[in-house]
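Engineer: Fold the stuff below for me.
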Amino acid sequence: MNNWFLYVIRCKYGRLYTGITTDVERRFAEHKSNDKKGAKCLRGKAPLTLVMKKKIGSKSMALKMEAKVKKLSKVKKEMFVEGKIQINI
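Structural biologist: Alright, predicted model coming up:
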């Protein structure tokens with residue numbers, strides 16, 4: 001299946017959270033609901049704002065892209081979200 005997305009959420013105090021999913025809207029709603037389906041590290045970090053979503057393709061490619069983005073510094077992540085830099089797999 002080639003419908004995987006990379007998404008970035010901005011938390012309280014500007015922290016950026018990166019994840020992958022096949023349904024960004026559903027996953028974002030899970031994160032905002034503060035239940036067990038959302039990421040534990042996002043609980044209590046409201047307000048959450050979806051700042052980026054990008055169709056990647058396969059799950060394998062999405063996992064590789066997620067790993068690269070998570071290794072970026074805060075400044076480079078901000079540049080990535082703003083579209084000022086590209087990340088290649």
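
Engineer: From now on I want contacts and neighbour counts done on CA atoms only, so please keep to that.
Structural biologist: OK.

Engineer: what ranges do the helices span in the protein?
Structural biologist: Counting by DSSP state H, the chain has helices at residues 24-33, 59-71, 74-81.

Engineer: do you know which of those helices lies nearest residue 15?
Structural biologist: With respect to residue 15, and counting by Cα to Cα, the nearest of these is helix 74-81 at 8.3 Å.

Engineer: The strand of greatest length in the chain vs helix 74-81, what angle?
Structural biologist: For the chain, the longest strand by residue count, based on DSSP state E, is strand 49-57. Between strand 49-57 and helix 74-81, the angle comes out at 70 degrees (axes from the mean of the first three to the mean of the last three Cα atoms, to 10 degrees).

Engineer: Which positions in strand 49-57 come out as buried?
Structural biologist: Within strand 49-57, the residues scored as buried using 16 or more other Cα atoms under 10 Å are 52-53, 55-56.

Engineer: Mind putting those residues into TSV with distance to residue 29 and pLDDT?
Structural biologist: Conversion of those to TSV gives the following (distance: Cα to Cα, whole Å; pLDDT from 0 to 100):
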residue	distance to residue 29	pLDDT
52	15	97
53	14	97
55	18	96
56	20	95
